[in-house]
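Novice: everything below, folded, please.
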Amino acid sequence: RAARTRWATTARTPGPGGAITQANLAAAVWAAVREHEPVLANGSLSDWAHRTWELSAPRDYLGSSGGAGLGYGLGASIGAALAHRDDDRLVVDLQSDGDLLMTPGALWTAAHEKLPLLIVTDNNRAYQNSVHHARIVAGHRDRDPANAVAGTTLTDPPVDIAGLARSLGVRALGPISRAEDLATALGEAVTTVIRERRTVLVDVLTATGT
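Specialist: This next block holds a predicted model:
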C-alpha cells in the first residue's frame, strides 16, 4: 500500500518545467482506457504501466518482447489488434519512438487493415535505451557521460511522428507536450478507435530519462 501511494504521487507530479514524465503518461492513458477493457499489447513506460494499471487477467497483457528485438512494438500490437478485431477489447500500444522508427511501415499495415488500435508514443527524442547504456559504459571507462547522446538522440532534426503516421494513413494527434492536454487528446483518440474501428496514434513528448 505504501508503494502504491508513492507511485500515485509520482504519477501526479509533472517533470521539470512541467514536462510529461513516463509516470504521468502511464496514469493518463490508464484513466482514458480503463473503462474499455484494455489489452496492453506492448510497452510499459519503464514499468509505470505495471505500477498504475490494473492488469488482473492473462488476456489483459501480452507480456514483454521475448528477445528484445528491434521494432517489436508495432508488429506485436498489430497482431493483438488482429486478434481483437471483432470484439470489444481496446488494444493499446505504449510505443517508444526509437522502436517505432525501426518499423514505421507497420503503420501503413495498421491503416490498410483497418485495425482498431490505440498507439501512444513515448517520444523522448532519443534511442533512450542506448543513451542509458552509453552512460553506464562511460562511467566504467572514465569517459565524459555527456557524450552518451552522440548517435543516440533524435533531436536534430526532431522526428514528426504524428506527421509520419498521417503520411501512412493513420489518424494522429499531437505532438502533445503539456500534461494538461493529455486527457483531452487521449479521450478523443479512444473514442475514435472505439467508434470508427481504426488505428489512432497520439504523439506525446516525454521528458528524457523519466
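
Novice: so what's the closest residue to V29 other than its chain neighbours up against?
Specialist: What sits nearest to V29 in space, not counting adjacent residues and going by Cβ to Cβ, 6 or more residues apart in numbering, is V120, at 5.5 Å. In this view, the C-beta of every residue, glycine as well, is placed from N, C-alpha and C. Listed by Cβ atoms under 8 Å, 6 or more residues apart in numbering, the contact set of V120 reads L25, V29, V92, D93, L94, Q95, L186, A189, L201, V202, V204.

Novice: and which of those residues is nearest P38?
Specialist: Distances from P38 to these, taken as Cβ to Cβ, are shortest for V92 (5.1 Å).

Novice: show me what the helix or strand containing the closest one is packed against.
Specialist: In this structure, V92 is located in strand 90-96 according to DSSP states H and E. The elements that strand 90-96 packs onto, with contact taken as 3 or more Cβ pairs under 8 Å, 6 or more residues apart in numbering; DSSP states H and E, are helix 22-33, strand 38-42, helix 72-83, strand 117-123, helix 182-196.

Novice: surely L94 and D122 touch.
Specialist: Yes: if you go by Cβ atoms under 8 Å, L94 and D122 touch, sitting 6.3 Å apart.

Novice: overlap in contacts, these two.
Specialist: Taking Cβ under 8 Å, 6+ apart as the criterion, L94 and D122 both touch L25, G43, L45.

Novice: among those residues, who's most crowded?
Specialist: L25 (30 neighbours; other Cβ atoms under 10 Å).

Novice: residues in contact with it?
Specialist: L45, W48, L94, V120, D122, L182, V204, T206.

Novice: name only those of the residues you listed that count as buried.
Specialist: L45, W48, L94, V120, D122, L182, V204, T206 (16 or more other Cβ atoms under 10 Å).

Novice: what are the bridge partners for the fourth one, then?
Specialist: Translated: V120. On the basis of DSSP bridges, V120 is bridged to L94, V202.

Novice: what number of residues lie near A76?
Specialist: Applying other Cβ under 10 Å, we find 20 other residues in the vicinity of A76.

Novice: which residue packs closest to it, ignoring adjacent ones?
Specialist: Computed as Cβ to Cβ, 6+ apart, the closest residue to A76 that is not its neighbour in sequence is N42, at 4.9 Å.

Novice: for P58, grab the count of nearby residues.
Specialist: P58: 8 surrounding residues under other Cβ under 10 Å.

Novice: how about P14, secondary structure?
Specialist: The local conformation at P14, judged by DSSP: H, G, I helix; E, B strand; the rest coil, is coil.

Novice: that one touches I20, doesn't it?
Specialist: Yes: under the criterion of Cβ under 8 Å, P14 makes contact with I20 at 7.1 Å.

Novice: next secondary structure after the least confident helix or strand in the chain by mean pLDDT?
Specialist: Across the helices and strands of the chain, the lowest-confidence element by mean pLDDT, DSSP states H and E is helix 128-140, at a mean of 66. Elements were assigned by DSSP H and E; along the chain past helix 128-140, the next helix or strand is helix 161-167.
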